[in-house]
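Q: I would like the atomic coordinates for the input below:
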Amino acid sequence: MATSMAAGMIMEAWLATHPYPDDQSPLPKQSPPAPMNAHIPGSPVPVPHGMVQCLLDELKRHGVEVPAAGAEPPRPAQFTALYRAAIERLEALVARGDGHAPMCKQEVDLLCRCVLSCQTLREAIHCAADFCAMLYPRAGALALEQRAGQAVFQMDSLRRVKSSAACLVDLTGLFFYLLLFGWLVGQPIRPTRVSLAHPRREDALPFLGLFHAPVTSGNPAYGFEFDQALLDRPVVRQATELEAFLKDLPYRLVGAPVEVVSLSQQVRGTLHAALVHGARLPTLAELALRFDVSEPTLRRRLAADGSSYRQLREHSLQDYAEQCLRTTRWSIARLAEQLGFASEAAFRRAFQRWTGHAPTRFRRASQGHPAALR
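A: Alright, predicted model coming up:
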């Protein structure tokens, strides 16, 4: 019965992610946030399509009947609905295995209200840790350390069993804290490193691009590192701003204000969506048009994020190439074509430059032959 009800809930959310004629929609209409380029016809901002498939695959592994992902990616507001429904269902399943209920939305909202009363980001993180300690073990355990000029935020989810479902839930929780801390001080937190407690990085590969930082797996806890100077930044938000911030947090990834989801993260999501669909990667000029800014402004904003179009393009190509080598049987020639390289040889040279290894050797190592990389 529970599985059947869950299937209905996910189906309802999925139906909400597919357009119907106005008079045939099976669900109440919602008012999606207007994308930054809403006035430009035919230029919707893509959502990370790999995340859609990853969520649906995980639900199916838990016996939830879901439809196949469509050929076209869902619109941003539609993806938000699916992301929320999927994570809430997976969170309930994971919490059942842990023997306790997860945090409810009211508790998350109250945590955010509590940290708003703090003077600095450092104080806010300690306040969040104290709040979670009161709900032990349902809210996990938070900690803050400082090492070599870096602030190290740690989130121990206190899972009895590590699983791919728990990893997706916990990564979403970690992303929530990243967005919350950046919002409190009025600028995105740019991690220099992200830690996964889950042992297999590939189980959550489509989600890792959200953090725009190197990711290591098999750590004692989830977490991220960032410039410790930010710890003394004042909390600049007011209680009147909280309701708008909490709307769809942390599920709205595209079209969110840049102080919540950085422009670099949104550009990277756009590039990833193009790769998944075998489309040509948009140029800097096309991205500027899509995000309704000039090319110099886009360059400037990416530089302020510590990035550039070239870096984001290279990182997106590398991440997707590694994902395909791990999870598909495509020939190297087909993969080169999918990524838009002029030839197989050009792709091989690029992959060697990115990883220090030939793509064939990388694939063998990812299939359980680590000696291939020696």
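
Q: distance of the closest residue to residue 204 other than its chain neighbours relative to residue 217?
A: Leaving aside its chain neighbours, residue 204 sits nearest to residue 167 (5.0 Å; criterion: CB to CB, 6 or more residues apart in numbering). Backbone N, C-alpha and C define where each C-beta goes, glycine included. For residue 167, the distance to residue 217 (CB to CB, to the nearest Å) stands at 9 Å.

Q: what's the answer for residue 159, then?
A: Distance from residue 159 to residue 217, by CB to CB: 14 Å.

Q: over to residue 198?
A: According to CB to CB, residue 198 and residue 217 sit 6 Å apart.

Q: could you do residue 182 as well?
A: Taken as CB to CB, the span from residue 182 to residue 217 is 24 Å.

Q: which one of these two has more residues nearby?
A: More neighbours surround residue 182 than the other of residue 182 and residue 217, with 21 against 17 (other CB atoms under 10 Å).

Q: what helix or strand is the more buried one located in?
A: According to DSSP states H and E, residue 182 maps onto helix 164-185.

Q: what does stretch 147-163 contact?
A: The contact list for stretch 147-163 (CB atoms under 8 Å, 6 or more residues apart in numbering) reads 94, 97-99, 125, 137, 140-146, 166, 169-170, 173-174, 177, 181, 192-193, 195, 197-199, 220-228, 230-231.

Q: which of those residues fall within strands?
A: Secondary structure assignment by DSSP state E places 141-146, 193, 195, 222-227 of the contacts of stretch 147-163 in strands.

Q: among these, which pair sits farthest apart?
A: With CB to CB as the measure, no two of these lie farther apart than 141 and 227, at 23.7 Å.

Q: hang on, the earlier thing: which neighbours do residue 167 and residue 217 share?
A: By CB under 8 Å, 6+ apart, the residues touching both residue 167 and residue 217 are 196, 198, 200.

Q: tell me the one of the residues you listed nearest residue 265?
A: When these are compared for distance to residue 265 (CB to CB), residue 196 wins out at 17.8 Å.

Q: what sits against that closest one?
A: Each residue near residue 196 by CB under 8 Å, 6+ apart is listed here: 167, 171, 204, 215-219, 222.

Q: using pLDDT, spot the least trustworthy of these.
A: For the contacts of residue 196, the model is least confident at residue 204; its pLDDT is 85.

Q: is it true that that residue touches residue 194?
A: No: using CB atoms under 8 Å, residue 204 is not in contact with residue 194; the gap is 10.7 Å.

Q: which one of the contacts of residue 196 has the most neighbours?
A: In terms of neighbours by other CB under 10 Å, these top out with residue 167 at 26 neighbours.

Q: now that residue: how far from residue 310?
A: Residue 167 is 31 Å from residue 310, where distance means CB to CB.

Q: same thing with residue 250?
A: According to CB to CB, residue 250 stands 28 Å off from residue 310.

Q: between the two, who's got more neighbours?
A: Neighbours were counted for residue 250 and for residue 310 using other CB under 10 Å; residue 250 has more, 24 against 10.

Q: tell me which element the more buried one is part of?
A: Per DSSP H and E, there is no helix or strand for residue 250.

Q: got a list of what it touches?
A: 172, 175-176, 179.

Q: which phi and psi does it have?
A: phi -100, psi 30 (degrees, to the nearest 10).

Q: now it: how far from residue 194?
A: 15 Å.

Q: okay, now residue 118: neighbour count?
A: The number of residues packed near residue 118 is 17, by other CB under 10 Å.

Q: check contacts around the nearest residue in space to it that is not next to it in sequence.
A: In space, and not counting its chain neighbours, residue 118 is closest to residue 124: 4.1 Å by CB to CB, 6+ apart. Residue 124 makes contact with 115, 118, 181, 184, 235, according to CB under 8 Å, 6+ apart.

Q: dump the residues you listed into a markdown table; add pLDDT and distance to residue 88 as well.
A: As requested, these are exported to a markdown table (pLDDT from 0 to 100; distance: CB to CB, whole Å):
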| residue | pLDDT | distance to residue 88 |
| --- | --- | --- |
| 115 | 96 | 23 |
| 118 | 94 | 28 |
| 181 | 95 | 23 |
| 184 | 91 | 24 |
| 235 | 90 | 28 |
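
Q: by neighbour count, which of the residues you listed wins?
A: Sorting the contacts of residue 124 by how many neighbours each has (other CB under 10 Å) puts residue 181 first, at 25 neighbours.

Q: all strands of the stretch 1-150 of the chain, in order?
A: With DSSP state E, counting those that start in this stretch, the ranges of strands along the stretch 1-150 of the chain come out as 141-147, 150-156.

Q: now these in JSON lines, with distance to residue 55?
A: Below are the strands of the stretch 1-150 of the chain laid out as JSON lines (distance: least, CB to CB, whole Å):
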{"stretch": "strand 141-147", "distance to residue 55": "25"}
{"stretch": "strand 150-156", "distance to residue 55": "21"}
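
Q: between the ones you listed, which gets nearest to residue 282?
A: Of all the strands of the stretch 1-150 of the chain, strand 150-156 sits nearest to residue 282, with 33.0 Å by CB to CB.

Q: and the closest one with strand 141-147, angle?
A: 160 degrees (axes from the mean of the first three to the mean of the last three CA atoms, to 10 degrees).

Q: sheet partners, orientation included, of strand 150-156?
A: Using DSSP bridges, strand 150-156 pairs in its sheet with strand 141-147 (antiparallel), strand 222-227 (antiparallel).
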